[in-house]
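> Next input, structure requested:
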Amino acid sequence: MQTTFSEALHSNRNRLIRRTKDAISTELDGETVILNIDTGIYSGLDQVGTTIWNTLAEPATFFNLKERIMADYEVSEQRCSDDLCAFLDELLKNRLITLDDGETA
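Next comes the predicted model:
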């Protein structure tokens, strides 16, 4: 059974979120299209999704992403957390991101 992003976040709040090496993307007019070259699955992102995807050019934690969204958009903290979890869950399901433990050597 595949772990959801919410379950993974609950087990380790410092997990780093990374784009997978199989995800290629292009941006046009503030929106992004992503292709997982391993699965052939395309995903389209709106402006907020594009902001998140661009932030993930470098590994980030959930809280880094949440802070970025709250700084750029007018949204309550609870709504931001809920929507961000759901969005990251979709990216995880489509194998566009991976989760690391967030521990440094």
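
> Wasn't R13 part of a helix?
No: assigned with DSSP: H, G, I helix; E, B strand; the rest coil, R13 falls outside any helix and is coil.

> how deep is it tucked in, by neighbour count?
11 (other Cβ atoms under 10 Å). No exception for glycine: its C-beta is placed from N, CA and C like everyone else's.

> thought it was touching S81?
No: between R13 and S81 there is no contact under Cβ atoms under 8 Å: 12.0 Å.

> where exactly do the strands run in this structure?
Along the chain, the stretches classed as strands by DSSP state E are 16-19, 23-28, 31-36, 42-45, 97-100.

> could you say what helices and strands the fourth one packs with?
Which is strand 42-45. Packing partners of strand 42-45 (3 or more Cβ pairs under 8 Å, 6 or more residues apart in numbering; DSSP states H and E): strand 31-36.
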